[in-house]
Structures are given as structure tokens and as C-alpha cells.
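>>> Starting from these lines, generate the structure:
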Amino acid sequence: MKQLFSKILILLVGVAFVLPTQAQLLKVIVPDKALQAQTAIPWQKALQFDDKGVAVLENPEITERKELLVELEERKEFFNAIVEPGQTLTITIQLKDGKSQVSYTGKYAAECEYMNADMLFYPSTYVPVKPEKPIDFTAAKAQEEADYKALGKMTDIFPVEKQKMLNQKNELTHLKNRMTIRKAEVTAQGGNFRKDPEYQGMLSQVDINDPKYRDEFFLNSYIYNMMSRDIKSEGDVTEETLEYIDCVWKNIPSLENRRSLIGALSFSAFLPEKKIDAQRLWNAVQGLGDEQLNSMFKEVIEEKLLAAKGKKCPDFTFNDMEGKQHHISEFFGKVLYLDCWATWCHPCVWEIPFFEKLYQEYKNDERIQFISFSFDDSIEKWKAKVKKDNPEWAQFILTKSDQQFLKEKMGIAGIPCFIVLNADGTIAEGDALRPSDKNAKAMLESVLGDKKM
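Next up is the predicted model:
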């Protein structure tokens, strides 16, 4: 009997040690049903909410502390969640006056609240890249100052050394925020930030020889201040980009920083909303005599030069709904606005209504034709999408070999991709504006006005 009691006791003790590790990692409470539908945890199992609006994350593969994000997909909002075996963190998300509010309970509640606040303490919070309405700069400055002070108080939960590190980081971000707000304010008033005493006073605190200021924001602020041109976020950016390269190479002491800043242009200079002379950019990079930078730009430049303006478009092939093969040369004689897309590509699908709107404006214009080319592997999914949308313009699909041909001959590395061809089959815009761009119609009008008809 004593032996049996001992075994039961051992089992109970074992259970006592096992039970905490089986505790729910994360409990997500979202009372609003519409909000539940868009609540997710990236790279984790889909959340299943019960009638009370409660969903639970239990993942045996998480064996130590892990930082996760809870996402509101349609609202494009993220909230931090720190989980740990044996601990349950509860996060409640509610809507109040159209704004999402989050609260926590659990061991890491205060740390999650700090991480959320820190994630929003950033220049674009106060000066959005594309603001929906005019910015109230007085309110932006007041809000930024309040956020800075609140964040400083929240660091008290951390050990002294980490607290010191976070406070220094927040101080630098505070400077970035204030510089961004003031620069935008001066620009909005029609002034020149390079001559503004308040902005220049803040910039004078930046010592590019001090490692703590050697991040992209401060280095670029230093460079922009000595340039004669402003950096545009859209349109032709060739001249200011070349000036930027020259200023960086001559004025940034660290070779590593020079490479980092200039190397970033291999991506940022070719964003869809921008236009740049790829050959002039390549000449400028090669002129620096730096092999590492050459290798960073070589592939992307070669791709862009394949579709350079004025070159003859290669006579690529594609299939119609019945499987019949066609050549692009069959459609020469009109300006062609080509849409490269796929059903699985969300940005591509998002562009369709804009493409259709432009089509409706030009459908009776004999000078131009709109054509869509699918990069789908599944013909069935492509046909189903076309049947559902029933677009009025021509629809074709590319085989794997057709896709590879376009990549090799025209440098199409990804989709969505839009191309405009002149009526004579030469390339007018190898990396054309997306139809959602406000300048897309002007681009087409410019090509239609060209004499290559």
C-alpha cells in the first residue's frame, strides 16, 4: 500500500511540474466579429475564435521565450506578444471610435506595451509618407514630445544597463522625429530647410564621425543638406541620384557607409513610382572604381538595359484561352500597354481595377491596345479568374519557357510589371508606371503623341 501511495505521489509531483509547460501560450480576445476575421499571427496556426471572441495559441514547438506579432491584416496594424512556455499572455483588442486599442495581462504585459509604443515612435508616425490630409505640425510636435516622455518613463521596467541603452536609442529617434517634422513643415511653407535655423540647429548635433550617428537617416540628412537638389519620391530621379552618389562618395568618411548608402540605390532607385536613366547610373557607379558596388548594381542594371527605351521588343510568345500560340509582333501597329500579372500575386490583382479604368477611357481609341499576360502555372486558376472578372481586353497566358524568355530578354524579374510598346514594336517604357499611379494616363498620352506610330 505504501509503495502504491509513493508511486501516486511521484506521478502527482510529475504532473505538478508538467502542467505549467502546458499552459496556453497566448490568449487573444477580440469581441468584434469583423475584427476577428482579420486577426492573425504570422507564421503560426490560424486563430479560431469561440462565441465569446476568445482564441488560443498553443504551439509545442515554442520551447523558450519568443516574440510574436498579432496582426490586424486589413488595418495593417501589428501588436507585440511575448510568449513563453508555462506562461499565459492575454491580449485584448477592441475598437473605440474607429481606432484599435490593445491591453495585456501576464508576465510580459508591460514589456509588450513598451514594444508597441516603441514601434510607433518613428518619423513616419508624425509625418506620413503620403498623408491623407494636410499635417497639423503643431499637433505633430506636441504628440511626438508626449510620446518621447511616455516612452522614457516606460523604460523603468528594464534592468539599468538595458534602460540606459533604450534611453539613448529613444533620444536619437527623438532627434530624427523632430528633424523630420521640421523639414516637412518648412517644405510645406515653401521654404528651404537648408537655410532654416531651427532645422540646421538640430542637424548640427549630428557628428558623422560618431558611431551612434552612423545610421542611414543621419548620414542621408547630412548628405541631403549639402545637395543642390531635393530627392523626389516619384518621377524622374536621375539628376538628384547622380548628385547624391557624388556627394556620398566625397563626403562620407567610412567606406563601409559609402557602400551601404550607394548600394541601397540598387533597389530604391528602381521603385515603380520612379524613373531613372539606368545607363547614366551605371556609368556613375563604375566611375567610382569600387568592385563591391559594381557587383551590387551589375545584375539589376543589365536587366533594366535589356528593356531600354527605343530597343526593339523581342518577339515573345503566349497562348490564348483555347491554347493557340501567338506572337507579340501580331499586335504591332498600335501602342501596347502590357500587364504582366498572376492570380496569386496580390499587388497584381490590386492593380486590375485601375487597369480596367484606363482601358475604359481608351477602348474606343484605335491607336492603343491593352493586353494582360498571366504568369500563372495553373491554367485552370487563370481561366477561372478571367471567367469571374470577364475583362473586356485581351487575355493571354505565358508558359514557363515564355516566362523565362521574357526574364532573359527583357529583364522581367518580378510582377506586377507593366510595359508600353510603341506602334513600331520598340520599347517606349520598359518599366512603365502602374495603372494605379496618378501619372499613368499622362505617360500613355506622351507615348501616343510620339511619332513612332
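>>> Run through the residues that contact Leu242.
280-281, 284 (Cβ atoms under 8 Å, 6 or more residues apart in numbering). For glycine as for every other residue, the C-beta is placed from the backbone atoms N, C-alpha and C.
>>> And Ala307, by the same measure?
Taking Cβ under 8 Å, 6+ apart as the definition, contacts of Ala307 comprise 410-412, 419, 427, 430-431.
>>> mind putting the residues you listed in a markdown table, distance to Gln404 included?
As requested, the contacts of Ala307 are arranged in a markdown table below (distance: Cβ to Cβ, whole Å):
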| residue | distance to Gln404 |
| --- | --- |
| Met410 | 11 |
| Gly411 | 12 |
| Ile412 | 10 |
| Ile419 | 17 |
| Ile427 | 19 |
| Gly430 | 18 |
| Asp431 | 19 |
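>>> In strands, which of those residues appear?
Here DSSP state E is the test, and the contacts of Ala307 give 419, 427 as lying in strands.
>>> Determine which two of the contacts of Ala307 are furthest apart.
Spatially, the most separated pair among the contacts of Ala307 is Ile412 and Ile427, at 12.1 Å (Cβ to Cβ).
>>> ok, the two, which is more surrounded?
Neighbours of Ile412 and Ile427, each counted by other Cβ atoms under 10 Å, are more numerous for Ile412; the result is 24 against 21.
>>> Would you mind measuring from the spatially closest residue to Phe158 that is not a sequence neighbour to Leu172?
Of all residues beyond its chain neighbours, the one nearest Phe158 is Leu166 (6.5 Å), with distances taken as Cβ to Cβ, 6 or more residues apart in numbering. From Leu166 over to Leu172 the distance is 11 Å, taken as Cβ to Cβ, to the nearest Å.
>>> what does Thr125 give?
Here Thr125 is placed at a distance of 16 Å from Leu172 (Cβ to Cβ).
>>> which residues sit in contact with Val300?
266-267, 270.
>>> 10 Å instead, please
The neighbourhood of Val300, defined by Cβ atoms under 10 Å, 6 or more residues apart in numbering, consists of 265-267, 269-270, 278, 281-282, 411, 413.
>>> tell me the least confident of these?
The member of the contacts of Val300 with the lowest pLDDT is Ala413, at 73.
>>> Could you pull out the helices in the stretch 101-250 of the chain for me?
109-120, 123-126, 137-154, 160-188, 197-203, 216-226, 238-251 (DSSP state H, counting those that start in this stretch).
>>> Go through those and name the closest to Asn390.
Asn390 lies closest to helix 123-126 among the helices of the stretch 101-250 of the chain, at 39.4 Å (Cβ to Cβ).
>>> Go ahead and name everything in contact with the closest one.
119-120, 129-130, 135, 137, 139-141, 143-144, 147, 173, 176-181, 183-184, 217.
>>> go on, stretch 378-395?
Stretch 378-395 has contacts (Cβ under 10 Å, 6+ apart) with 318-321, 323, 326, 331, 336-337, 339, 341-344, 349, 352-353, 355-356, 358-360, 362-363, 369-376, 396-399.
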